[in-house]
Each structure stands twice: as structure tokens, then as C-alpha cells.
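In: okay, structure incoming, though there's no sequence with it:
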């Protein structure tokens, strides 16, 4: 709209029904009166260039528009509202998302993938002088979007091209031979370049773009008509549909075989919303083992805090849900493969399914958690088992409480303050316990008990003298001096979160 004095109407939340929750935005609907019945007859306020509606994306609301976040919290997962993406930069949440770009300028692009991972990459000029990626042949402004290449030579490739949706400022040559290098961009066409007497599509194969979800067939909302591509995008991989995560409601259609997959694409029935789960959530690429066949489900042990919930995979001999109780959980690195609550907030498909399954208490607890690193070890109660790598000199914990998270850190578990390197390598399963030792009788101390040794404990230097005793299963962890490693909860500020955790000493470890 040109007359800004007529910006009267309603702020509202908008999202195309087939697009991810991350594409949601606050828009302004201009209406003739304050009567809400006029909303449907109104028009959205557009940006000054007229290319796209004026908007506040939900992935940019954090720390800037707290009142709006409060209104959206019941409908949008907290993990999305807590995303911190930069202002005044191009930010994409799916491959075909329209964006405005000037021809004469390179820029930085930020992407948010289906796992809510934020990545940044450098975007060269769209129509460069050959051999000079930062020097443009034209100036002007276009509304564009990325697509998978439709040409036959790219049929089995992952090349990505750019389609012109709208010309906002007519392209003007910046160099004498501009038209010899690139055809002038026109609405509905792909960006092209000329070389050796041939005209070819300009391709962008940055890995950052290949990680974005594809929304085939979804129509972007713009203020003017857009020419749709005439090709159909390929289905990159088979999507698994989740009917429920409740083990008491499973059906044979919920059975899945994910053997040999590094990741699995999940979706809900009658929804384009998707997410991807990985066998290895943190480190290098690895694959689900052979015979990984069964059911994805919510694990929540009776009597434990709701935030101890995990998404696990139950291995079964067939697709018969009655075999669920006879099956066993998929294990990885000495513990059940799982998506804990710190990771779960990233997967909107799983969160929505849990809500539909009626786990309202869990969803509410998730929404109250502040954003923290998923690499920290989450603890919901004092005696909860966890894995400790002896090669690390520190242990980072996230104590999950009903009203939020308290991060704690412990130093020198397997060494002393005079040493910068741990003497052993290997992994243990430990748990905290309230001390019953005589020397701690009148204090508030916790100790660490060794529940399991996952890897053989080996010295870093076989020829060095090591004063630290080797940990033994069932025994308490000791220091170099031979004393039991203990922590005073009333004095140690770095572990104040442990003091707030409930104690469940009778819980049997799930190992």
C-alpha cells in the first residue's frame, strides 16, 4: 500500500497449511473498519517494494516481541519460538521459499532446516562476470526462489537453480558485454548464463541448500501472480507416517523398517509438515543397524518426572502391535537409542503427535524449558544414570526442573586440579547418590556410583605412573588421593541444579 496513513486493521498469525511451522509469520490485515467480519474482505499490508506481505517471522520473534510469543505459545512449539535468527538477512526455512535479492550485491543466507538447525552461508551475486563471483553484470532487484533443476542432464543430480518470480527493479547492465554473459532475467524463467555458444542454467550446489526441506506443490503467497514451475520435483526419500507414539495405541501401519538409514523422514497423516530423525544426533554420520524394525514410541516410566520422557525405538519380530511388550529397545553406545527432551523440542512433528496423543502435561513441561545446548547431559532426578567419558576433564549437566533448566558443571572427575589431561580413556555409566558415608553424616553431600563400564578403561600413556585407581562396577568413584569423590550441595555453586532435583533412590536403572 502506498498510503501508510490507512494502515488500520488487525495483526494476525499466518501460515500456509502445507508449509512447516517455521514458516509462520505475523501479518497485518488492512480492513475498512474494526468489525472482525471485514477481515476476509481486507488485504495484507505489503512491503514498500510490493513484493511480499509485511511480516514478522516466528523464527525472529525471540527476545524482541515477548507479548506476541505469549499469544503463540499454545499453538507453536517453544523450540521454534526460541530460535535466534538474524534480522535484515535472507532466512529460508524450505527450498522454494521466495526471497528478494539485489543483482549487484552478494549476501549472507541463513537457513533453518527441519531439525531447527540454524546455518549460515555466503551467497555470491546471481549474475556474475565470468571468473569474478563478486562482480555483477547487472544491477536491479528480483523476487526469486530456489528449485531443483528440471533439465534432463540433472535428472539424477541434486543441482539447484533459481527461478525469477517477479522483477522489482528492471535489470540494467553494469559492464559493456553484460548480455553476452547472461540473458536478461524475466518473470517465470530460470537464471541462465552463456558459455561456449550455449545457454545454461545457473546452478547453486551449496550443501546448506540441499539440507532444506522441499515443499513440492505448495504455492508461495505473494502480492502478484507467480508463474509456477512446469516440472515435478522428485520425492527425495520415502516418508514414514506417524499415526501415534503411544505404545497402547500402536497399529500395524505404525511399524517401520529403518535398517541401514542414517536418517528417517517423518510426517503426520494429512500434513505436509515433516522432520528428520538421525541415528547419531550429535557427531559423525552413522547408520541404523540391520534389522532395525519395529515401532517408534514414547517411553515414560511410571513414577519418574515427566521430563524424563524419551522417544525410543522398540525392536519387534513383526508388525503385530501385540508383540510390542515382547520386543526390546534399540541400543546405541550402551544405552537405549533415544531422543531426550532437550532434543525433542527440535522435532515439531513429534511434538504435535504427542499433543494429539493427549500428553498435554509433557507438552506444557517442554514449553517451560529454556533453550540450552543439547550436548549437555539432561537429569530429571538425582539418581538418573548417565554416560561419562573419562577422557573429559569436565561434565556438563542440564538439571530439568518443573519451572525451567539449571545448568551445572563438574570439573576434574577423572584427574586433579594440577593436571590438564585425564589419565584414562573409556566410558562409564554413573549416577549420583546422596552420601551415607560416616564423614558426610552431618552434611548434604552426593557421591558418584559406577553402574556399568561400556569401554575397557585404558591409560592414555601406558608408560606413565597413574595414581588414580581404575573405576570398578558397583563402587563409588574415587579421586587420585584414594578418597571418595564427593560434592557438597550446600557450598558448590557450580552444581546448584543438583540440589533442586528430586531424589528417587529406589529407581531401577534402565541399562
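Out: The structure has been received and is ready for your questions. None of the values given here were measured: they were computed from a predicted structure.
In: helix, strand or coil for residue 287?
Out: coil (DSSP: H, G, I helix; E, B strand; the rest coil).
In: wait, doesn't it sit right on residue 262?
Out: Yes - under the criterion of C-beta atoms under 8 Å, residue 287 makes contact with residue 262 at 5.1 Å. In short, each C-beta sits where N, CA and C put it, glycine included.
In: shared neighbours, those two?
Out: residue 279 (C-beta atoms under 8 Å, 6 or more residues apart in numbering).
In: correct me, but residue 262 touches residue 292?
Out: No - with contact defined as C-beta under 8 Å, residue 262 and residue 292 do not form a contacting pair (11.7 Å).
In: and those two? Which one has more around it.
Out: More crowded of residue 262 and residue 292, by other C-beta atoms under 10 Å: residue 292, with 19 against 13.
In: and that one, how far from residue 350?
Out: Distance from residue 292 to residue 350, counting by C-beta to C-beta, to the nearest Å: 18 Å.
In: quick one, strands of the stretch 1-150 of the chain?
Out: For the stretch 1-150 of the chain, the strands defined by DSSP state E, counting those that start in this stretch cover 9-14, 25-30, 43-44, 55-57, 90-92, 99-102, 107-112, 118-123, 128-129, 132-136, 138-148.
In: tell me which of the ones you listed sits most buried.
Out: Mean neighbour count (mean count of other C-beta atoms under 10 Å) peaks for strand 138-148 among those, with a mean of 21.
In: what's the following helix or strand after that one?
Out: Once the chain leaves strand 138-148, the next helix or strand it forms, by DSSP states H and E, is strand 160-173.
In: quick one: buried residues of the next helix or strand after that following strand?
Out: Scanning forward in sequence from strand 160-173 by DSSP H and E, the next helix or strand is helix 178-181. Across helix 178-181, burial judged by 16 or more other C-beta atoms under 10 Å covers 178, 181.
In: helices of the protein, residue ranges please.
Out: Secondary structure of the chain (DSSP state H): helices located at 66-72, 78-81, 178-181, 207-210, 341-344, 348-356, 360-368, 496-500.
In: so for residue 128, which of those sits nearest?
Out: Closest approach to residue 128 among these (C-beta to C-beta): helix 178-181, 8.2 Å.
In: what's across from the nearest residue to residue 91 once chain neighbours are set aside in the sheet?
Out: For residue 91, ignoring the flanking residues on the chain, the nearest one in space by C-beta to C-beta, 6 or more residues apart in numbering is residue 110 at 4.5 Å. Judged by DSSP bridges, the bridge partners of residue 110 are residue 91, residue 120.
In: check contacts around residue 110.
Out: With contact taken as C-beta under 8 Å, 6+ apart, residue 110 is in contact with 85, 86, 89, 90, 91, 92, 118, 119, 120.
In: the fifth one against residue 108, yeah?
Out: This means residue 91. No - counting by C-beta under 8 Å, no contact exists between residue 91 and residue 108, whose distance comes to 10.0 Å.
In: report how many residues lie close to the nearest residue to residue 138 once chain neighbours are set aside.
Out: What sits nearest to residue 138 in space, not counting adjacent residues and going by C-beta to C-beta, 6+ apart, is residue 171, at 4.2 Å. Residues lying near residue 171 (other C-beta under 10 Å) number 24.
In: just give the closest residue to residue 189, not the sequence neighbours.
Out: residue 164 is the one closest to residue 189 (C-beta to C-beta, 6+ apart), at 5.6 Å.
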